[in-house]
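let's see this in three dimensions:
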Amino acid sequence: MDSTRQVNGKARIDYTQDTLFGPLAKHVECQVSVQQRAGWLVLKVFQPLPDDLHAAQTVVFALEGRRTSAVVKDSHRLADHSLRLELETQ
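You can find the predicted model right below:
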């Protein structure tokens, strides 16, 4: 992904959350915007989104025929009720 390019579209997001019983795998399809920053990605996920996506530890998403696997370093709910995930790709 080009460092100056922002990609928008519908993506399937597979994500995991740690629980007392081990990792729990989930998935969702959402409208997203992806932008590359110096050494990391910003994934903005638009409404409607699941209530627990902000607690994801890892994500894998497919957009424009590319599959990206990443660790979630930080998440923020935004004023427009979207979710901003800062990701370190693997």
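
next, the buried residues of the longest strand along the chain.
Secondary structure of the chain per DSSP state E: the longest strand is strand 22-37. For strand 22-37, the neighbour count (16 or more other Cβ atoms under 10 Å) marks 28, 30, 32-36 as buried. Bear in mind the C-beta positions are built from the backbone N, C-alpha and C, glycine included.

likewise for stretch 50-68?
Using 16+ other Cβ under 10 Å as the test for burial, stretch 50-68 gives 50, 53, 56, 58-61, 63, 68.

swap in stretch 35-48?
35-36, 41, 43-46.

among the residues you listed, which two are most distant?
Maximum pairwise distance in those, criterion Cβ to Cβ, is 18.7 Å, between 36 and 46.

what residue, apart from its backbone neighbours, is nearest the residue nearest the centre of the chain spatially?
By Cα atoms, centre = their mean, the chain has its centre lying nearest to residue 43, at 4.8 Å. Once flanking residues are discounted, residue 43 sits nearest to residue 85: 4.4 Å by Cβ to Cβ, 6 or more residues apart in numbering.

on that earlier part again, quick check, nearest of the buried residues of stretch 50-68 to residue 76?
Nearest to residue 76 out of the buried residues of stretch 50-68 is residue 53 (Cβ to Cβ; 12.0 Å).

so that closest one makes contact with residue 17?
No - applying Cβ atoms under 8 Å, one finds residue 53 not in contact with residue 17, separated by 9.1 Å.

one step back: a markdown table for the buried residues of stretch 50-68, including secondary structure?
A markdown table is the format used below for these (DSSP: H, G, I helix; E, B strand; the rest coil):
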| residue | secondary structure |
| --- | --- |
| 50 | coil |
| 53 | helix |
| 56 | coil |
| 58 | strand |
| 59 | strand |
| 60 | strand |
| 61 | strand |
| 63 | strand |
| 68 | strand |
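
cheers, nothing more for now.
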